[in-house]
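In: Prediction below, plus the sequence it came from.
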Amino acid sequence: MPSHAIPADIIDRAARIRLACFDVDGTLTDGRLWFDADGREAKAFSVLDGQGLALLRKSGIEVAFVTARNSAAASHRARDLGVRSCVGIGDKFGCVQGLATELGITLEQVSFMGDDLPDLRIMRAVGLSVAPASAHAWARERARWCTAARGGEGAARELCDLLLSAQGHLDALLAAADAP
């Protein structure tokens, strides 16, 4: 990841993150809701994003899904990746505060990727707020950093790569991947 393309203050903030939180619909997915004839919901998640989330965990950064929508698909994906899950909660801000307290960190050590009105309170409170390119203008205008990728199309991976790079994990991960 070319650090020259990212402002120094964003890299500094990214270096302090210990908990990366993600809204689901519109950030980890493209925001569309799919329902079958029986009303069962389906979502599409990017494997690139999933790999990034797994790399964060491997590097010691906690990861959480934080969504008000009660979604079995989101819960299943969180379990699949082994990440914390706040799915179907009414108070997203309270959930993020609770996770930070549980981990013994401040909100300055939390990143949050959101895309719309319900995410703005959290985005104002955390150390690094991020919006995908496809986020509503309100979220993009209030985010400290916006990804080039759209939600569900690698936006989460961009944040993961930024955190890994800013915290000095990227070279070791690449070296291990290149090893015979």
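Out: Great, that's in hand. Numbers count the residues shown, from 1 in each chain.

In: following the helix or strand that contains Leu53, which helix or strand shows up next?
Out: Here Leu53, judged by DSSP states H and E, is contained in helix 47-58. The helix or strand immediately downstream of helix 47-58 is strand 62-67, counting by DSSP H and E.

In: Pull out the buried residues from that next one.
Out: Glu62, Val63, Ala64, Phe65, Val66, Thr67 (16 or more other CB atoms under 10 Å). Placement of C-beta: from N, CA and C, glycine included.

In: Tell me what angle the helix or strand where Ala74 lies forms with helix 47-58.
Out: Taking DSSP H and E as the criterion, Ala74 maps to helix 72-81. Angular relation of helix 72-81 and helix 47-58 on a 0 to 180 degree scale: 50 degrees, by axes from the mean of the first three to the mean of the last three CA atoms, to 10 degrees.

In: Helix 72-81 versus strand 62-67: what angle between them?
Out: 170 degrees.

In: any idea how far Gln167 is from Arg18?
Out: For Arg18, the distance to Gln167 equals 10 Å [CB to CB, to the nearest Å].

In: Touching both of the two, which residues are there?
Out: Ile61 (CB atoms under 8 Å, 6 or more residues apart in numbering).

In: what sits against the residue nearest to the spatial centre of the chain?
Out: Centre of the chain computed as the mean C-alpha position; nearest residue by CA atoms, centre = their mean is Phe22, 3.4 Å away. For Phe22, the contact set (CB under 8 Å, 6+ apart) comprises Leu28, Leu53, Val63, Ala64, Phe65, Val66, Phe112, Met113, Ala156.

In: Same list (those residues) but as a markdown table, adding distance to Asp80.
Out: Formatted as a markdown table, those follow (distance: CB to CB, whole Å):
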| residue | distance to Asp80 |
| --- | --- |
| Leu28 | 12 |
| Leu53 | 10 |
| Val63 | 12 |
| Ala64 | 14 |
| Phe65 | 11 |
| Val66 | 17 |
| Phe112 | 21 |
| Met113 | 19 |
| Ala156 | 14 |
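
In: Any chance of JSON lines for the residues you listed, columns pLDDT and distance to Gly104?
Out: Putting those into JSON lines (pLDDT from 0 to 100; distance: CB to CB, whole Å) gives the following:
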{"residue": "Leu28", "pLDDT": "97", "distance to Gly104": "26"}
{"residue": "Leu53", "pLDDT": "98", "distance to Gly104": "22"}
{"residue": "Val63", "pLDDT": "98", "distance to Gly104": "17"}
{"residue": "Ala64", "pLDDT": "98", "distance to Gly104": "15"}
{"residue": "Phe65", "pLDDT": "97", "distance to Gly104": "21"}
{"residue": "Val66", "pLDDT": "97", "distance to Gly104": "19"}
{"residue": "Phe112", "pLDDT": "98", "distance to Gly104": "18"}
{"residue": "Met113", "pLDDT": "98", "distance to Gly104": "22"}
{"residue": "Ala156", "pLDDT": "98", "distance to Gly104": "25"}
